[in-house]
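1. based on what follows, work out the 3D shape:
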Amino acid sequence: MGARIIARRLEGYGINLGERAVRYHLKLMDERGLTHLLGSRSGRMLTEQGIKEVKNAFVIDKVGFAISRIASLAYRTNFDLKNHTGLVPVNISYFPNEQFSKAVQIMEPAFKNRLCVSHLVAVAREGEKLGELLIPEGKVGLATVCSIVVNGTLLKAGVPIDSKFGGLLQIRNGQALRFVELIYYTGSSLDPSEVFIKAGMTSVTEAANKGEGTILANFREMPAMCRPIVEKVMTELEKAGLGSLLIMGNTSEPVCQISVELNRFGIVLIGGLNPVAVAEEVGINVENHAMSTVLEYQKLIKFEELCNEITYVPEH
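-> As a prediction, this is how the structure comes out:
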């Protein structure tokens, strides 16, 4: 991209820097190894060092980024409870081509035991798109429904919802016991689920197979007077195969040892990346983009259909 296009794009953000000023800054970026000039007419590209700088710079501005993404995706969600049409929020995970068949087989118990938001998924190969995300070379993209579908649907129903945190929920004898770790959305620049998965802190496999382990879950709070609407919406989401509700607490009473404000009630939602966490637990390297985009509900397929399409070849 060249200075002229960059200057015009900046104007769209309310920044009137001017083409000459942009060219000056680009020259400085070239000297620091952040950009590379392809030619006088071709413009510049970010270098590998430049991409790292974009990811690492201004981290203080990213605090609370997770809660902003939740609000944005909730607003974009327009799923119709009656007609089962519209956009639903999804997480996108990139799997190595050669390991995707194995990953599908390994993730099956998590879907079968409903340790997921939905049994509906979407798949795309390299060069194809899932929402706005382009699948990289050598990868297979898997879209799993995100628990923000609850936020978006309740928002459209007029229910104010406070997304508190994402955490690790301990499962004992197949029942939710307590949160053992948590990260508040308002104080994080990363999605908590991505952090817990990469840190190797989940044991979703054990929870699925033995009813004992730690899974990804989220905590929300709502006004007590909204309970009838929330119950109705949750029932309709369940009918659409989007049932992420694990627990709905009582007014002003703790849920899974988490205190709730006066005249409010808490709910615990299952994390959408639990099946992907199973793949990570067995050593498959997965790149996750939680809360990343929205997809048409009707473009999703049942995970069972995906299993039938894929033939797993054991490694030698």
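2. what about residue 66, how many residues close to it?
-> Neighbours of residue 66 under the rule other Cβ atoms under 10 Å: 26. In this view, the C-beta of every residue, glycine as well, is placed from N, C-alpha and C.
3. phi first, then psi, for it.
-> As for residue 66, its main-chain torsions (degrees, to the nearest 10) stand at phi -60, psi -40.
4. the closest residue to it other than its chain neighbours - how many residues pack around it?
-> Leaving aside its chain neighbours, residue 66 sits nearest to residue 185 (4.4 Å; criterion: Cβ to Cβ, 6 or more residues apart in numbering). Per other Cβ under 10 Å, the neighbour tally for residue 185 reads 23.
5. and what of the one 10 residues further on?
-> With neighbours defined by other Cβ under 10 Å, the count for residue 195 comes to 16.
6. show me the contacts for the residue nearest to it when sequence neighbours are not counted.
-> Once flanking residues are discounted, residue 195 sits nearest to residue 183: 6.4 Å by Cβ to Cβ, 6+ apart. Residue 183 sits next to 165, 166, 167, 192, 195 when contact means Cβ atoms under 8 Å, 6 or more residues apart in numbering.
7. next, give phi and psi for residue 201.
-> Note on residue 201: backbone dihedrals following degrees, to the nearest 10 are phi -100, psi -10.
8. separation between it and residue 168?
-> Separation of residue 201 from residue 168 (Cβ to Cβ, to the nearest Å): 6 Å.
9. what strand or helix carries residue 177?
-> strand 175-184 (DSSP states H and E).
10. report the mean confidence score over that strand.
-> Summarised as a single mean, pLDDT over strand 175-184 is 95.
11. swap in stretch 67-79?
-> On average, the pLDDT along stretch 67-79 is 93.
12. can you check stretch 7-16 too?
-> Mean pLDDT, computed over stretch 7-16, is 81.
13. buried residues in that stretch?
-> 7, 10 (16 or more other Cβ atoms under 10 Å).
14. hmm, back to that, following the strand holding residue 177, which helix or strand comes up?
-> Later in the chain than strand 175-184, the nearest helix or strand by DSSP H and E is helix 192-198.
15. quick revisit: any idea how far the residue nearest to residue 195 is from residue 198?
-> Separation of residue 183 from residue 198 (Cβ to Cβ): 13 Å.
16. what of residue 97?
-> Distance, residue 97 to residue 198, using Cβ to Cβ: 21 Å.
17. how about residue 44, secondary structure?
-> Three-state assignment for residue 44 (DSSP: H, G, I helix; E, B strand; the rest coil): strand.
18. how about residue 304, what does it touch?
-> Residues counted as contacts of residue 304 (Cβ under 8 Å, 6+ apart) are residue 119.
19. repeat that with 10 Å
-> Contacts here follow Cβ atoms under 10 Å, 6 or more residues apart in numbering; on that basis residue 304 touches 108, 111, 112, 119.
20. equivalent analysis for residue 29, please.
-> Counting by Cβ under 10 Å, 6+ apart, residue 29 makes contact with 35, 36, 37, 44, 46, 47, 50, 53.
21. which strand or helix spans it?
-> Here residue 29 is covered by helix 19-31, with elements defined by DSSP H and E.
22. distance of residue 77 relative to residue 305?
-> Note on residue 77: its distance to residue 305, by Cβ to Cβ, is 24 Å.
23. for residue 84, phi and psi?
-> The phi/psi pair for residue 84 (degrees, to the nearest 10) reads phi 60, psi 50.
24. what's the neighbour count on the nearest residue to it once chain neighbours are set aside?
-> Computed as Cβ to Cβ, 6+ apart, the closest residue to residue 84 that is not its neighbour in sequence is residue 240, at 5.2 Å. Residue 240 has 19 neighbours, counted by other Cβ under 10 Å.
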